[in-house]
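Asker: Got a predicted structure here, sequence first:
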Amino acid sequence: SQQGEEDPQALSIQEGENATMNCSYKTSINNLQWYRQNSGRGLVHLILIRSNEREKHSGRLRVTLDTSKKSSSLLITASRAADTASYFCATAQASGGSYIPTFGRGTSLIVHP
Amino acid sequence: SAVISQKPSRDICQRGTSLTIQCQVDSQVTMMFWYRQQPGQSLTLIATANQGSEATYESGFVIDKFPISRPNLTFSTLTVSNMSPEDSSIYLCSVEVWDSSAGANVLTFGAGSRLTVL
C-alpha cells in the first residue's frame, strides 16, 4: 500500500517563485526520498533525507523532515519552467535486506515562464 | 550510476494478447524492480527480480499474470499476459544504485513502457 501522500496534488506558479510540496507518511521509516518525473519519462532521484536528519539542502532544493509529525516538505527556490514535472516522495522500509521505496501519489508542478 | 534501457517505449495492444517488456542495465545489479504506474497515479511495485531465483511478487500481483525472467545480472523481462484495458499503464524497470552524496542506495529508473490495451 502507498506510504506517502503528497500535498497539494497540483501546484501552478510563476517562474521565479518558490514551490513547496508536502509529504505525509504513516509508519516508521529509514529514510525519505524525493523523485522527479518529467512527462513520459522515468523517475529521477533528487534528494534523500535520513530519519535522524531534520533538514537537507541540494542546490535549489531544501528538504525538511519531521518524524514526530511523520511529514516532509520539499522546497524548490527560484523555480524555472524546466522544473515543471511531477514530484514524488518515497519512504524506505526494510524488505529482505534492502530498502525498497514506497511512493506517494505525487504533486504535479507547473511553472509558467 | 546505472543506465537503464527499456523497450518498447510504447505499444498499443489488443485485449487478450500478451506483451513482453525488456529492461537492460549497463552494469551488473543484484535486484531489479518492476513498477506499474496507472494514468495519473503513483508507482506500485509489482515484483522484485533476483538473478537465479524466482521473482518476489507484491500483494495483488501474481506470476501467471506478470511472469518475470532474470537470466543474468544485467537483464530482465516482464510479460503482461492476457491483457485487458485495465492493464493500460506505464511499466517501469528500476535498479538500486549507490548514491555517494546521499550515502545510501537510491533507485534509478528506465524511461518506462507505456501500454495501451484496446
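Answerer: It's in.
Asker: what is the nearest residue to B:E86 once chain neighbours are set aside paired to in the beta sheet?
Answerer: Excluding its sequence neighbours, the residue lying closest to B:E86 (Cβ to Cβ, 6 or more residues apart in numbering or on different chains) is B:V117, at 7.8 Å. The C-beta positions use only the backbone N, C-alpha and C, and glycine is treated the same way. For B:V117, the beta-bridge assignment (DSSP bridges) gives partners B:C13.
Asker: do B:E96 as well
Answerer: Beta-bridge partners, per DSSP bridges, of B:E96: B:L107.
Asker: Now do the strands in chain B.
Answerer: Here chain B has its strands, by DSSP state E, at B:4-7, B:10-13, B:19-25, B:31-37, B:43-50, B:56-57, B:68-72, B:75-80, B:89-99, B:104-109, B:113-117.
Asker: isn't the residue nearest to B:E86 right next to B:P85, touching?
Answerer: Yes. Using Cβ atoms under 8 Å, B:V117 is in contact with B:P85, at 4.9 Å.
Asker: Write out the residues of chain A neighbouring chain B.
Answerer: Neighbours of chain B within chain A, by Cβ under 8 Å from any Cβ of the partner chain: A:2, A:31, A:33, A:35, A:40-45, A:47-48, A:50, A:58, A:88, A:90, A:95-96, A:98-106.
Asker: Apply 7 Å and report the result again.
Answerer: Counting by Cβ under 7 Å from any Cβ of the partner chain, chain A comes close to chain B at A:2, A:31, A:33, A:41-43, A:45, A:48, A:88, A:98-101, A:103-106.
Asker: Now, of those, which are buried?
Answerer: A:2, A:31, A:33, A:41-43, A:45, A:48, A:88, A:99-101, A:103-106 (16 or more other Cβ atoms under 10 Å in any protein chain shown).
Asker: sorry, back to before: shared neighbours of B:V117 and B:P85, anything?
Answerer: B:R15 (Cβ atoms under 7 Å, 6 or more residues apart in numbering or on different chains).
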